[in-house]
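Asks: below: sequence and its predicted model.
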Amino acid sequence: MSKDIFISYARKDTRIVNRTINELVKYGYEVWIDTRSIQGGALWQEDINKAIENCNIFLFFVSSHSIKSANVRHEFHLAVEKNKKIVPILLEETRIPEDMRYPIMEIQWIKLDDDFHDAIKRLFVALGNNREAKPLKQDKVKNILSLSGDKGVEDLIQAVEKIINLVSSSQYTRAVTEGARVRERLIKLTEPNNLDRSLLQGGFDVWYAHALMYAGNTDSAMTLLTNLINKFEKLFSSNSNVEANPRFFEILGRAHNHLGYINWMNLAHYEVALSEFQKSIKILQLGGKGLKRELATAYDNMGRVYAQLGFQPRAVLLIEHGKQLREQSNDWDRLGLSLTSNAIAYLGFGQPHQALQSSETAFTIFKQKSSVIGERGIGLALLTKAQSIRNIILQAYNVNQVGWSLRHIEMALKILRRAEKAFLHVGEEVRLFQVYNELGCIYRERATLLKQAGDTDKAFGSVDLAIQFLGESIRIAKGNAKGYKYHAYFIDACEDMAQVYFINGNNKKAKEWLEQAEQTIPRGYKLTNGKISKEILVNKCYEEFWQQLGKIYFLRGQMISDLFFAGQRKKNLSPSLQSAVENYVIAASYFGRFMERPLNSNNMHLYPRYKPNLKNHWKLASNIYNVLSVLELEDLKMVKQQILPRLYSHYHLKPSWLELFNEDGLDFLLTISGISTLQEAI
């Protein structure tokens with residue numbers, strides 16, 4: 001493949017010329033380009049003549065400016081005289097002088113139109129390379145310095161390549177350890193006004209932050225990424241050359257994507273996460289079609305956040321768009337990530353069979369590509385597969401299927417043990433939390449099934465194992481430092497632990513765990529008596545706290561109401577049942593508050609204009625129906641006329657948070673039971 005290319009152009013076309021050069025350099029071509037004003041001095045002219053004499057290809061950028069340039073005309077005629085291969089690139093329609101048009105009239109022309117990357121493909125064909133090359137990551141590092149002439153940093157570049165390869169193959173712990181020393185050397189090398197070296201360090205930092213965030217060093221990763229973004233934004237405003245450099249947009253776009261991932265996955269900070277993903281997508285789009293791989297990741301991540309918030313159509317479309325981009329760019333190594341995201345979204349929307357199918361396909365892909373991308377993908381697919389199996393059991397369970405359910409429980413446990421090994425190998429802490437939490441939940445379900453099968457001893461053993469694994473997940477989420485390393489995960493695991501004790505009849509311990517979870521949530525997120533809570537600023541809002549508060553009060557309502565269902569059909573609205581209703585109302589309010597945040601009028605550009613459908617509401621509706629269906633008509637009147645108005649007033653609840661308790665919601669639940677609607681009764 002020819003690598004010695006002489007660039008002939010007019011100064012006024014610098015931006016598009018630099019953009020084209022960056023594509024050539026990215027794919028391994030070496031170029032000669034004038035970087036100073038052409039003064040026509042004898043020594044400078046000698047350099048140009050020598051460069052044309054030695055080049056293999058003369059790349060001629062044709063525009064109204066270049067054909068009027070005496071220097072360009074001299075270069076062109078010298079290339080013709082030396083019988084060089086001339087490749088003309090038409091930047092705009094213009095009348096070409098006859099003495100320039102004749103030598104190239106039968107040569108293949110390249111027109112740089114709106115589809116820049118399609119034109120670049122045609123250029124590669126014209127240059128003699130008809131393959132759409134896919135450079136290695138280390139090539140990107142080397143090419144950053146290809147125009148600088150600095151040969152004294154080769155060993156450092158090799159060290160950078162090694163860290164990038166470690167991260168690419170999911171060896172995060174090792175990448176963090178070895179990368180710290182490399183970064184120290186890079187900082188000494190960096191010059192603020194040197195674009196090539198800024199890109200070298202920026203490119204390394206975005207990979208190093210990748211390793212840090214997966215290894216659980218959240219604060220260090222966020223600091224590194226924030227500093228990188230600030231530095232690159234200043235670079236953008238001070239250096240016009242960056243606008244034509246896809247590498248710049250790739251680094252900056254990935255930095256915003258990583259920040260979004262940390263805010264979503266590690267902090268449960270969804271609104272900020274969506275904002276970062278949106279910035280990432282816009283920046284990566286500016287870098288052109290060569291950044292499809294990074295774009296796919298940003299779309300995929302954004303879709304996962306929407307799925308977690310309950311926006312099904314938006315989530316599905318974004319994840320599918322990322323999947324299509326990966327297919328278009330032949331990124332088969334990462335296609336499994338899109339399939340895993342699909343599976344996780346399916347789980348969130350109560351479709352475990354589809355989730356299982358998608359996770360199995362993802363596992364097959366990751367297993368085939370494990371030598372390239374490491375164990376992480378395998379762990380993700382296996383974790384999702386086990387979660388799918390547990391949800392299928394919960395959906396399909398009946399008393400005649402205990403044996404079938406137990407066999408599938410054992411299958412899920414084996415799958416999770418394999419996932420545990422994968423994440424221990426790569427050192428991804430958040431995923432280890434998820435594995436141990438899921439193991440605890442599966443042993444909890446196993447204990448329930450064994451009790452129903454009459455095997456009490458094994459049931460108690462499963463309870464002990466559930467407590468053991470949930471305890472391990474709580475330990476990871478809490479961390480060793482002051483505060484909570486993964487605060488939202490800590491609360492979620494405490495609630496799961498409370499469920500273990502509740503299912504096994506130990507309400508005292510269940511209440512203790514719920515209280516421990518609630519006590520860690522800041523007061524500003526909680527409904528307060530007779531006082532309107534202040535709006536939490538976007539950059540300080542952790543929406544998942546409302547979701548977790550909803551789960552806490554939901555379980556409290558279950559614990560109270562379950563004590564009163566012993567076979568009688570009608571009961572009075574005793575203080576205890578009234579307390580259960582109140583807990584359900586508060587739970588619904590927190591779930592509604594969680595829903596409302598995405599619909600905040602100040603942030604509508606981040607969210608679609610429809611309401612999410614959270615699966616928690618279906619569980620909540622079922623429990624509300626169970627309580628209301630046993631009450632006498634007079635008690636139902638009390639719920640509507642006294643209890644609900646009092647709670648609305650006391651906690652300043654919004655009607656939009658409590659659609660399950662408005663007239664339509666209550667009427668629907670009561671109509672199903674054959675009871676007269678509240679509207680008719682009252």
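Replies: Right, received. Where do you want to start? The model shown is predicted, which means the values in this text are computed figures rather than measured ones. Residues are numbered from 1 along each chain as shown.
Asks: report the contact partners of residue 382.
Replies: 359, 363, 415, 416, 418, 419, 422 (CB atoms under 8 Å, 6 or more residues apart in numbering). Glycine gets a C-beta too; all of them are placed from N, C-alpha and C.
Asks: from the contact counts, what lies against whichever strand or helix holds residue 577?
Replies: Using DSSP states H and E, residue 577 falls within helix 575-596. Helix 575-596 sits against helix 544-561, helix 615-628, helix 644-651, with contacts defined as 3 or more CB pairs under 8 Å, 6 or more residues apart in numbering; DSSP states H and E.
Asks: other SSEs contacting the helix or strand residue 196 falls within?
Replies: Per DSSP H and E: residue 196 is located in helix 195-214. Applying 3+ CB pairs under 8 Å, 6+ apart, one finds that helix 195-214 contacts helix 137-144, helix 154-168, helix 172-189, helix 218-238, helix 246-261.
Asks: so which of the ones you listed is the most packed in?
Replies: helix 246-261 (a mean of 25; mean count of other CB atoms under 10 Å).
Asks: and after that one, which helix or strand comes next?
Replies: Following helix 246-261 toward the C-terminus (DSSP H and E): helix 270-286.
Asks: list the helices and strands the helix or strand that that next one is followed by packs on?
Replies: Scanning forward in sequence from helix 270-286 by DSSP H and E, the next helix or strand is helix 292-309. Helices and strands touching helix 292-309, by 3+ CB pairs under 8 Å, 6+ apart, are helix 246-261, helix 270-286, helix 312-328, helix 332-348.
Asks: helix 292-309 to helix 312-328, inter-axis angle?
Replies: 160 degrees (axes from the mean of the first three to the mean of the last three CA atoms, to 10 degrees).
Asks: and the angle from helix 292-309 to helix 332-348?
Replies: Going by the same axes, to 10 degrees, helix 292-309 makes 10 degrees with helix 332-348.
Asks: ok now helix 292-309, how far from the chain's centre?
Replies: The chain centre lies 5 Å from the centre of helix 292-309; the measure is CA atoms, centre = their mean, to the nearest Å.
Asks: shaky segments in the stretch 401-550 of the chain?
Replies: 530-533 (pLDDT under 70).
Asks: of the helices and strands packed on helix 575-596, which shows the lowest average pLDDT?
Replies: Among those, helix 615-628 carries the lowest mean pLDDT, a mean of 67.
Asks: continuing past it, what's the next helix or strand?
Replies: Using DSSP H and E, the helix or strand that directly follows helix 615-628 along the chain is helix 633-638.
Asks: and the residue nearest to residue 363 when sequence neighbours are not counted, what does it touch?
Replies: Of all residues not flanking residue 363 in the chain, residue 381 sits nearest, at 3.7 Å (CB to CB, 6 or more residues apart in numbering). Applying CB under 8 Å, 6+ apart to residue 381 gives the contacts 336, 339, 340, 343, 359, 360, 362, 363, 366.
Asks: the fourth one against residue 352, yeah?
Replies: No. Counting by CB atoms under 8 Å, residue 343 sits too far from residue 352 to count as a contact (9.2 Å).
Asks: chain center to whichever helix or strand residue 384 is part of: distance?
Replies: Residue 384 belongs to helix 376-396 when assigned by DSSP H and E. Its chain's C-alpha centre and that of helix 376-396 lie 19 Å apart, by CA atoms, centre = their mean.
Asks: send me it as CSV with only the CA atoms.
Replies: Output of helix 376-396 as CSV, limited to C-alpha atoms (Å, rounded to 0.1, in the frame of the first residue of the first chain):
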residue,chain,number,x,y,z
ARG,A,376,-16.7,-9.6,30.8
GLY,A,377,-19.2,-10.2,28.1
ILE,A,378,-19.6,-13.9,29.1
GLY,A,379,-20.2,-12.7,32.7
LEU,A,380,-22.9,-10.2,31.6
ALA,A,381,-24.7,-12.7,29.4
LEU,A,382,-24.7,-15.4,32.1
LEU,A,383,-25.9,-13.0,34.8
THR,A,384,-28.8,-11.9,32.6
LYS,A,385,-29.6,-15.5,31.7
ALA,A,386,-29.8,-16.4,35.4
GLN,A,387,-32.1,-13.4,36.1
SER,A,388,-34.3,-14.4,33.2
ILE,A,389,-34.7,-17.9,34.6
ARG,A,390,-35.6,-16.7,38.0
ASN,A,391,-38.3,-14.3,36.6
ILE,A,392,-39.7,-17.1,34.4
ILE,A,393,-40.0,-19.3,37.6
LEU,A,394,-41.8,-16.4,39.4
GLN,A,395,-44.2,-15.9,36.5
ALA,A,396,-45.0,-19.5,35.8
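Asks: just the contacts of residue 381 now: which is nearest residue 196?
Replies: residue 336 (34.7 Å; CB to CB).
Asks: ok, back up a step: among the helices and strands packed on helix 575-596, which comes closest to residue 127?
Replies: Nearest of the helices and strands packed on helix 575-596 (CB to CB): helix 544-561, 52.3 Å.
Asks: do you know the pLDDT at the nearest residue to residue 206 once chain neighbours are set aside?
Replies: Residue nearest to residue 206 in three dimensions, not counting chain neighbours: residue 254, with 4.8 Å by CB to CB, 6+ apart. pLDDT recorded at residue 254 is 96.
Asks: look up the closest residue to residue 526, ignoring the ones flanking it.
Replies: Nearest to residue 526 is residue 549, by CB to CB, 6+ apart, at 6.8 Å.
Asks: for the one you found, give its distance to residue 300.
Replies: 29 Å (CB to CB, to the nearest Å).
Asks: mind checking how far stretch 220-231 is from the chain centre?
Replies: That offset, for stretch 220-231, works out to 18 Å (CA atoms, centre = their mean).
Asks: make that stretch 198-208, sorry
Replies: Distance, centroid of stretch 198-208 to centroid of chain: 20 Å (CA atoms, centre = their mean).
Asks: do the same with stretch 339-349
Replies: Taking CA atoms, centre = their mean, one finds the center of stretch 339-349 at 13 Å from the center of the full chain.
Asks: how about stretch 462-473?
Replies: 29 Å.
Asks: buried residues in it?
Replies: Neighbour counts over stretch 462-473 (16 or more other CB atoms under 10 Å) mark 462, 463, 465, 466, 467, 469, 470, 472, 473 as buried.
Asks: measure the closest residue to the third one other than its chain neighbours to residue 473 for me?
Replies: So that's residue 465. Using CB to CB, 6+ apart and skipping residues adjacent in sequence, the residue nearest residue 465 is residue 443, 4.4 Å away. Counting by CB to CB, the gap between residue 443 and residue 473 amounts to 12 Å.
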